[in-house]
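Fold the following for me, if possible:
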Amino acid sequence: MHAFVESPDITRLFIVGQGRDLVAGSFLPAKARKKALFFVKTSKSALDRLDFYDMVVWGELGDSPLESLSVLSSAVAVPLLRSQIRHGSMPDSAALELTDSLQAFVSSVLVELGNTKGERLLPLPIGWQQERGLAAAHHGNASPRSQASNDVAALEAAVVTWRHLVQDILSKTPQAFIQGPGQTATPLLELEYWSARAADLSGLVAQLGGPGAGVVSAQLKAASSTYSAALDRLVLEIKVAQEEAVDNEKWLRPLRKYLEAFMEPPEYPARPETFKEQSCCNRILLRQARSWHWPSQSLMPSSPAMINVVNAGASVHLLHGPVCCLSALCCML
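Prediction:
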């Protein structure tokens with residue numbers, strides 16, 4: 001606390017309850033389960049007792065600060081700004097700049113909130129362009145053409161944001177997922193990859209099929225915007241990737257219990273039988289990949305970790321004839 005008051009470089013202070021004590025620091029704990037008080041300087045300077053109220057803002061953080069920030073920005077800041085614009089309290093250029101900045105802020109908070117919950121949320125346009133039109137009409141300088149242009153520009157900006165968020169998911173590969181920092185390439189990690197990918201893409205399909213995205217699509221089509229076709233292609237691309245991920249996750253799910261048993265170190269006499277069961281499942285899966293259109297194009301070439309586990313098992317149990325023959329057959333398929 002002394003550093004916050006005396007040092008110009010310390011601009012924030014958090015006070016959090018831990019047990020029966022209060023702990024002060026410049027950062028929130030990684031897992032804060034209780035409410036916290038925050039104090040933030042308005043400028044980098046030492047605090048003075050006389051100017052304390054002008055130099056510091058403070059408030060309370062709940063156990064979910066991002067949720068509180070999302071509600072505050074969308075349910076408080078946006079209506080206040082709309083009210084100011086409706087009554088013509090600021091120039092149109094300033095209103096345009098502020099609303100665009102607030103739109104970007106609300107969108108970023110929503111995206112980060114979804115990331116903390118393991119979800120991929122697509123921010124929708126807030127829709128304050130009508131407020132801009134009301135302000136312009138209030139001053140007698142409304143321009144329907146410029147108003148419509150601003151509306152379409154906001155919708156197109158939302159589509160660009162969606163494209164970037166979706167591309168982050170579509171560009172991830174099983175190889176990148178299983179070769180993260182501190183991880184080794186194992187079949188179980190690839191199963192987790194397809195499970196997470198299926199969940200993410202299913203969530204995106206649900207959001208793009210919802211009423212909010214439907215309004216965006218309809219307005220872009222009505223305005224004959226080129227982004228309308230781009231949005232349709234994006235939705236189709238997501239649906240194709242979702243079907244692929246769901247199909248792969250469905251076929252890989254039955255292997256989980258065998259792979260978990262195989263990755264654990266059981267007693268050596270039980271190893272051949274465990275490997276035999278897992279090899280049979282892999283053989284069936286790889287054999288179907290020759291005839292089924294989904295597994296043949298996505299599952300088979302994107303599962304090197306599973307094929308490596310078969311090869312490694314064959315080497316470990318080289319002295320067990322039936323297992324070795326079955327492994328060789330799997331590799332030949």
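
residue ranges of the strands in this protein, please?
12-18, 21-25, 36-41, 56-61 (DSSP state E).

okay, those in CSV with distance to Thr116 next?
Quick note: C-beta positions are derived from backbone N, CA and C, even for glycine. CSV is the format used below for these (distance: least, C-beta to C-beta, whole Å):
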stretch, distance to Thr116
strand 12-18, 18
strand 21-25, 21
strand 36-41, 16
strand 56-61, 14
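
TSV please, covering the ones you listed and showing distance to Leu252 and mean neighbour count.
Formatted as TSV, these follow (distance: least, C-beta to C-beta, whole Å; neighbours: other C-beta atoms under 10 Å):
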stretch	distance to Leu252	mean neighbour count
strand 12-18	43	16
strand 21-25	44	12
strand 36-41	42	17
strand 56-61	41	13
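
Could you pull up the residues touching the closest residue to Leu37 other than its chain neighbours?
Sequence neighbours aside, Ile15 is the residue nearest to Leu37 in space, at 4.5 Å (criterion: C-beta to C-beta, 6 or more residues apart in numbering). With contact taken as C-beta atoms under 8 Å, 6 or more residues apart in numbering, Ile15 is in contact with 22-24, 36-38.

10 Å - rerun?
Taking C-beta atoms under 10 Å, 6 or more residues apart in numbering, we find Ile15 in contact with 1, 22-25, 35-39, 58.

can you give me the helices in the stretch 51-200 of the chain?
Secondary structure of the stretch 51-200 of the chain by DSSP state H, counting those that start in this stretch: the helices cover 52-55, 65-72, 78-86, 92-116, 129-138, 144-170, 174-178, 187-208.

Tabulate the ones you listed in JSON lines, adding columns for mean pLDDT, mean neighbour count and distance to Ser224.
What follows is the helices of the stretch 51-200 of the chain, written out as JSON lines (pLDDT from 0 to 100; neighbours: other C-beta atoms under 10 Å; distance: least, C-beta to C-beta, whole Å):
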{"stretch": "helix 52-55", "mean pLDDT": "81", "mean neighbour count": "11", "distance to Ser224": "52"}
{"stretch": "helix 65-72", "mean pLDDT": "77", "mean neighbour count": "16", "distance to Ser224": "34"}
{"stretch": "helix 78-86", "mean pLDDT": "78", "mean neighbour count": "16", "distance to Ser224": "28"}
{"stretch": "helix 92-116", "mean pLDDT": "79", "mean neighbour count": "16", "distance to Ser224": "23"}
{"stretch": "helix 129-138", "mean pLDDT": "44", "mean neighbour count": "18", "distance to Ser224": "18"}
{"stretch": "helix 144-170", "mean pLDDT": "78", "mean neighbour count": "16", "distance to Ser224": "9"}
{"stretch": "helix 174-178", "mean pLDDT": "66", "mean neighbour count": "17", "distance to Ser224": "39"}
{"stretch": "helix 187-208", "mean pLDDT": "87", "mean neighbour count": "20", "distance to Ser224": "21"}
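
Could you save those helices as a markdown table and add columns showing distance to Asp9?
Output for the helices of the stretch 51-200 of the chain, formatted as a markdown table (distance: least, C-beta to C-beta, whole Å):
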| stretch | distance to Asp9 |
| --- | --- |
| helix 52-55 | 15 |
| helix 65-72 | 23 |
| helix 78-86 | 32 |
| helix 92-116 | 25 |
| helix 129-138 | 40 |
| helix 144-170 | 34 |
| helix 174-178 | 38 |
| helix 187-208 | 40 |
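
Of all those helices, which one comes closest to Arg256?
helix 187-208 (5.9 Å; C-beta to C-beta).

What is that closest one packed up against?
On a contact count with 3 or more C-beta pairs under 10 Å, 6 or more residues apart in numbering; DSSP states H and E, helix 187-208 meets helix 144-170, helix 174-178, helix 211-222, helix 227-252, helix 256-263, helix 304-316.

Quick one: residues in contact with stretch 214-230.
If you take C-beta under 10 Å, 6+ apart as the criterion, stretch 214-230 is touched by 122, 124-125, 127, 148-149, 151-160, 162-163, 208, 231-232, 234-235.

If you count neighbours, what's buried in that stretch?
Buried residues in stretch 214-230, counted by 16 or more other C-beta atoms under 10 Å: 216-217, 219-220, 223, 225, 227-228, 230.

thinking again about what came up before, out of the helices of the stretch 51-200 of the chain, which comes closest to Leu252?
Per C-beta to C-beta, nearest to Leu252 of those: helix 187-208, 5.2 Å.

and Leu69, what is it in contact with?
When contacts are counted by C-beta under 10 Å, 6+ apart, Leu69 touches 61-62, 77, 105-106, 109-110, 112-113.
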